[in-house]
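sequence? don't have it. structure:
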């Protein structure tokens, strides 16, 4: 079982409330910081998620932990006529709504506030569900994944993009140094919130990845589960199907 990490260890709030407050705090600078922290490679990873779903041709897509809407906006390229982006952070959603409006995508993308562990949707109503850099923020991982399974239609595709830890030398050592020393410093310099980016790096380091996460998905009920490491293993794309 993954070690439980909370954003602010001196807070009396639960993880869910802390994550919400953390992302509200960094929402206006989140996109720019993502580009800096990942050296822009996160854009390439999202494109791969879009390519995977383009092959499936889903008509309805739910993007959970949509944040500022980066992936939801990219998913328009799949041709899906209806995309719903859901997030628990009002601040992140406000940024996302502005981006959707600026691109005149309001007829295709709906941005909704909601809890990933209590989704406000009927059973079997989305042909695809995506989560980019969000599953490690679930307060109860199994509950969130079970909710995703519930709203995903039979034969629907579930795609997760998440950070992971490289297992090969020297990438493993380089990743550890970068996430423990450089990433929190960048967060402090640009967002004045070192705690937020310390949490993001720490939560990534302890989150189950690779075959461990595959097995969690299988336990929930997903089939055809596979993981595809990206960029020396610093991120992984997981693909699964609901039978």
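Yep, it's here. Note that this is a predicted model, so its numbers are computed, not measured. Numbers count the residues shown, from 1 in each chain.

what about the helices in the chain?
For the chain, the helices defined by DSSP state H cover 15-26, 30-37, 41-56, 70-74, 90-102, 141-151, 171-177, 183-191, 194-206, 211-220.

Quick one: mean pLDDT over the second one.
So the one you mean is helix 30-37. The average pLDDT for helix 30-37 rounds to 73.

Kindly list the longest strand within this structure.
strand 152-163 (DSSP state E).

Does anything pack onto that strand? Which helices or strands?
Packing partners of strand 152-163 (3 or more CB pairs under 8 Å, 6 or more residues apart in numbering; DSSP states H and E): helix 41-56, strand 126-132, helix 211-220, strand 235-241. Every C-beta, even on glycine, is put in place using the N, C-alpha and C of the backbone.

Below-threshold pLDDT in the chain: ranges please.
Low-confidence segments of the chain, defined by pLDDT under 70: 1-13, 187-201, 204.

If we use 80, what do you get?
1-15, 18-19, 21-39, 171, 174-176, 178-205 (pLDDT under 80).

if we can go back for a sec, most packed of the helices of the chain?
helix 70-74 (a mean of 24; mean count of other CB atoms under 10 Å).

thinking again about what came up before, how big is the angle separating the longest strand of the chain from strand 235-241?
Angle, strand 152-163 to strand 235-241, by axes from the mean of the first three to the mean of the last three CA atoms, to 10 degrees: 170 degrees.

hmm, who's touching strand 152-163?
Residues from elsewhere that reach strand 152-163, judged by CB atoms under 8 Å, 6 or more residues apart in numbering: 45-46, 48-49, 52-53, 56, 58, 71, 124-136, 148-149, 204, 207, 209, 213, 217, 222, 234-243.

thought residue 69 was touching residue 112?
No. Between residue 69 and residue 112 there is no contact under CB atoms under 8 Å: 11.3 Å.

Between the two, which is the more surrounded one?
residue 69 (26 against 14; other CB atoms under 10 Å).

before we move on, back to that, with distance to residue 33 as new columns, can the helices and strands packed on strand 152-163 be given to me in CSV?
Listed next are the helices and strands packed on strand 152-163 as CSV, based on distance: least, CB to CB, whole Å:
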stretch, distance to residue 33
helix 41-56, 11
strand 126-132, 15
helix 211-220, 25
strand 235-241, 16
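
Nearest to residue 35, out of these?
helix 41-56 (7.3 Å; CB to CB).

Need the residues that contact that closest one.
Contacts of helix 41-56 (CB under 8 Å, 6+ apart): 34-35, 61, 70-71, 74-75, 77-80, 127-128, 130, 132-133, 157, 159, 161, 228, 230-231, 235, 237, 239.

any idea how far the nearest residue to residue 19 once chain neighbours are set aside lies from residue 168?
Take residue 19 and drop its neighbours on the chain: the residue closest to it by CB to CB, 6 or more residues apart in numbering is residue 137, 5.0 Å away. For residue 137, the distance to residue 168 (CB to CB, to the nearest Å) stands at 27 Å.

Which of those two has more residues huddled nearby?
Legend: neighbour count by other CB under 10 Å for residue 137 and residue 168, higher for residue 137 (26 against 9).
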